[in-house]
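> Model the structure of this input:
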Amino acid sequence: MKDINEYRLTKKVTVGELKKWMGKNDDKSKNHIVDLIYHRFYNRYILHLKEIDSGFLKMAISCLTIEALESFKKGKKDTKGKGVKIFNSFFVSEEAYFPEFKDIYEDFYYNVRCGILHQAETKNAWRIMKIGKLLDTNEKVINANKFVSALEKSLNHYIENLKAKPQMISFGKTPY
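Below you'll find the model as predicted:
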């Protein structure tokens, strides 16, 4: 069996290389990590979200992306039992891209995220469309195309902050 350090995270980066970068406290290593984080999120999620025609699938993948991205930001290894807090934290910190979502984070989490990922449907009359404004709370409608666009802007902002302040990369646990 191959040693774990030999496994590839990308075409160019192995687990062993990432471990070396994580053990160093220099800007070059941290920049490599920032590039890897961007590669991971952009190539696993955002790139494909742009090509999907289904608003429902866009929202399902967007919810996975939010949970993973906020876990990275908070240095969490998993989100078990912390999902609603993760979404609250995300929508509060990303209010510039997701206005009004911090006010409905719980409703969004249980009726959109959990509905889609656990029951394969939104709940409590929430709908996913590909037209209109980003969020219409009166009609309980989310525009999946605009949501994906906001998510990409959020990812780019996170990466810009990491590049400007690579000390923001956290590998430890942070309490909620």
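
> C-alpha from now on. contacts and neighbour counts both.
OK.

> List the buried residues in the host helix or strand of L36.
Using DSSP states H and E, L36 maps to helix 27-41. In terms of neighbour count (16 or more other Cα atoms under 10 Å), helix 27-41 has its buried residues at 29-34, 36-38, 41.

> what do you get for stretch 127-140?
127-130, 134-135.

> Just give me the closest of these to L151.
Using Cα to Cα, the shortest approach to L151 within those belongs to L134, at 11.4 Å.

> about what we covered before: okay if I get the buried residues of stretch 127-140 as a markdown table plus pLDDT?
Below are these laid out as a markdown table (pLDDT from 0 to 100):
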| residue | pLDDT |
| --- | --- |
| R127 | 98 |
| I128 | 98 |
| M129 | 97 |
| K130 | 95 |
| L134 | 98 |
| L135 | 98 |
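
> Which member of those is positioned nearest K85?
Once Cα to Cα is applied, the member of these that ends up nearest K85 is L135, at 20.4 Å.

> so what's that closest one up against?
100-101, 141-143 (Cα atoms under 8 Å, 6 or more residues apart in numbering).

> That one bridge partners, please.
Listed by DSSP bridges, the beta-bridge partners for L135 are I142.

> Pick the one among the buried residues of helix 27-41 closest to L64.
Nearest to L64 among these, with distances taken as Cα to Cα, is F41, at 10.5 Å.

> I'd like to know how many residues surround A164.
By the criterion of other Cα atoms under 10 Å, A164 has 11 neighbours.

> Quick one: low-confidence residue ranges for the chain.
166-176 (pLDDT under 70).

> Run through the neighbouring helices and strands of whichever strand or helix holds L151.
Using DSSP H and E, L151 maps to helix 144-164. Contacts defined by 3 or more Cα pairs under 8 Å, 6 or more residues apart in numbering; DSSP states H and E place helix 144-164 against helix 27-41, helix 55-74.

> Now distance to L18 too, for these, in a markdown table please.
Listed next are the helices and strands packed on helix 144-164 as a markdown table, based on distance: least, Cα to Cα, whole Å:
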| stretch | distance to L18 |
| --- | --- |
| helix 27-41 | 7 |
| helix 55-74 | 15 |
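
> Indicate which one of the ones you listed is closest to K19.
Across the helices and strands packed on helix 144-164, closest to K19 is helix 27-41 (Cα to Cα), at 9.9 Å.
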